[in-house]
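1. Please work out how this folds:
(chains A, B, C and D, ligands or ions: 2)
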There are 2 protein chains.
Amino acid sequence: MKLSKKGEYALKAMIELARAYKKGPVRISSIAEKEGIPKKFLERILMDLKKVGILKSSRGAGGGYELAKAPKEISFADVIRVTSGPLAPLRCVSKYAHINCPHEKSCGLKKVMQDVRNAVATVLEREKFGK
Amino acid sequence: MKLSKKGEYALKAMIELARAYKKGPVRISSIAEKEGIPKKFLERILMDLKKVGILKSSRGAGGGYELAKAPKEISFADVIRVTSGPLAPLRCVSKYAHINCPHEKSCGLKKVMQDVRNAVATVLEREKFGK
DNA sequence: ATTATACTCTAATAAAACAGTAGAGTATCG
DNA sequence: CGATACTCTACTGTTTTATTAGAGTATAAT
Ligand code: FES
Ligand code: FES
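-> Numbering: from 1, shown residues only, chains lettered A, B, ... in the order given. Ligands and ions are numbered 1, 2, ... in the order given. Coordinates of the predicted model:
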């Protein structure tokens, strides 16, 4: 039930970027240093977040990354889904990555796992990067 | 944030064993067949659960596994901790496997992850294998 | 006692996921 | 142009996951 390093780094970077919202782009290396994240790894993470429209970037001198929308429009859940996959403990109870199980009807796990996924999603969807 | 196969199998086996509580031991192969779990893998899982006192076993003909205590005394959380590790997304917010982070004081992640771990623990500790 | 039954234990392994790195390429600013 | 900083593909090493092999031990029934 643990969060990957990638997810952890992504959230930390997002917090940093939210802090700099509307203050111009932030360099990857600046975030990497402040948060103690390997730079090359962070590059890939931020690219992923850009690809789904959470971040935008500008190149060249004075360039860097910044939020693509208001911090209050971005949830922890959004970031984790992109960087560490579904929140649900089992695919059969995942909302956005659902897959059917063979014996769903008689499965004693499904209900509880559904509750877990909902509990997690509630916390992570409520939590935004700004208010 | 996903549950390992090992954890999933363990829970399914526990449900099966709870059903047979006070009805004598159940063979590994019987559980493996019913739940579609590789037998050899299940052996190891049940051994783990025995080691921590959740299950007990008897050998030889007529032998098998059974719960070591009343189903209502065993929670999903107990089983998952043994077979898939801590419930917490990060070690620094884990109750039973806690490790300190360097910058805990200024970390923007800790509080939310604490909430996640609590939400998960609440669901999984409430859910028992019998009532 | 012998045999069949069923758990016990250590070790090994194949594949996947995770964490991180290398390096050449491209856009932009001054 | 030259420095800056993101872009993109591919590669690598490590760890974890999921599983299997096989020899060993205890028990019950015959
Ligand atoms: S594990 Fe998916 S329905 Fe039981
Ligand atoms: S990640 Fe542990 S305190 Fe921030």
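2. what does chain A put close to DNA strand D?
-> A:25-29, A:40, A:43-44, A:46-47, A:50, A:57-65 (Cβ under 7 Å from any atom of the strand). Just so you know, the C-beta spots here come from the backbone N, C-alpha and C atoms, and that holds for glycine as well.
3. mind listing the strands in chain A by residue range?
-> A:55-58, A:64-67 (DSSP state E).
4. Output these in TSV, with mean pLDDT and distance to residue B:72 appended to each entry.
-> As requested, those are exported to TSV (pLDDT from 0 to 100; distance: least, Cβ to Cβ, whole Å):
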stretch	mean pLDDT	distance to residue B:72
strand A:55-58	98	49
strand A:64-67	98	49
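5. DNA strand C: which of those strands is closest?
-> strand A:55-58 (6.2 Å; Cβ to the nearest atom of the strand).
6. For residue A:85, which of the strands of chain A is the nearest?
-> Closest to residue A:85 of the strands of chain A, according to Cβ to Cβ: strand A:55-58, at 18.8 Å.
7. what sits up against that closest one?
-> A:17, A:25, A:46, A:49-50, A:63-68 (Cβ atoms under 8 Å, 6 or more residues apart in numbering or on different chains).
8. Would you mind listing what in chain A touches ligand 1?
-> Contact residues, chain A versus ligand 1 (Cβ under 6 Å from any ligand atom): A:90, A:92, A:101, A:104, A:107, A:109-110.
9. If we use 8 Å, what do you get?
-> Within chain A, the residues that sit near ligand 1 (Cβ under 8 Å from any ligand atom) are A:90-93, A:100-101, A:103-104, A:107-110, A:113.
10. picking that back up, in ChimeraX, how would I select just the buried ones from the residues of chain A next to DNA strand D?
-> Here is the ChimeraX selection string for the buried members of those, based on 16 or more other Cβ atoms under 10 Å in any protein chain shown:
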select /A:25,26,28,46,57,64,65
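11. ok, back up a step: for the strands of chain A, could you give me TSV that also reports distance to ligand 2?
-> Formatted as TSV, the strands of chain A follow (distance: least, Cβ to the nearest ligand atom, whole Å):
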stretch	distance to ligand 2
strand A:55-58	21
strand A:64-67	21
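12. Out of these, which gets nearest to residue A:34?
-> Taking the strands of chain A one by one with Cβ to Cβ, strand A:64-67 is closest: 13.0 Å.
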